[in-house]
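K.L.:
Okay, sequence plus prediction incoming.
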Amino acid sequence: MSTDEIKEKIKAFICQFVQNVDIPDDEDLFASGLVNSLFAMQLVLHIEKEFQLKVENDDLDYENFKSINTITDFIGQKAPNNE
């Protein structure tokens, strides 16, 4: 799966809950208010299911989930066969 495909899947999931917003790939999702801690857990569960990978406790770091770009990089690192 390409980086662009991963980004589109993440954006599509977020846009199910946040409508009428164009999310730049490098926007801080937490600082912008688009994602809170509860939604972050939903996002983690979605990532595990959609990309068939396991998010470990050590992976639950703000830096891994703060933007579309960092989420995409995280998925690429956890499941390199996806890229």
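P.N.:
That came in fine, so what should we check first?

K.L.:
which other helices and strands contact the top helix by length along the chain?
P.N.:
Criterion DSSP state H: the longest helix present in the chain is helix 37-51. On a contact count with 3 or more Cβ pairs under 8 Å, 6 or more residues apart in numbering; DSSP states H and E, helix 37-51 meets helix 3-15, helix 62-65, helix 68-78. Just so you know, the C-beta spots here come from the backbone N, C-alpha and C atoms, and that holds for glycine as well.

K.L.:
For E56, the count of nearby residues, please.
P.N.:
8 (other Cβ atoms under 10 Å).

K.L.:
repeat for the one 10 residues further on
P.N.:
With neighbours defined by other Cβ under 10 Å, the count for K66 comes to 19.

K.L.:
check contacts around it.
P.N.:
By Cβ atoms under 8 Å, 6 or more residues apart in numbering, the contact list for K66 reads D28, L29, F30, A31.

K.L.:
between these, which is nearest K54?
P.N.:
Checking the contacts of K66 against K54 with Cβ to Cβ, the nearest one is L29 at 21.8 Å.

K.L.:
distance of that closest one from Q52?
P.N.:
L29 is 23 Å from Q52, where distance means Cβ to Cβ, to the nearest Å.
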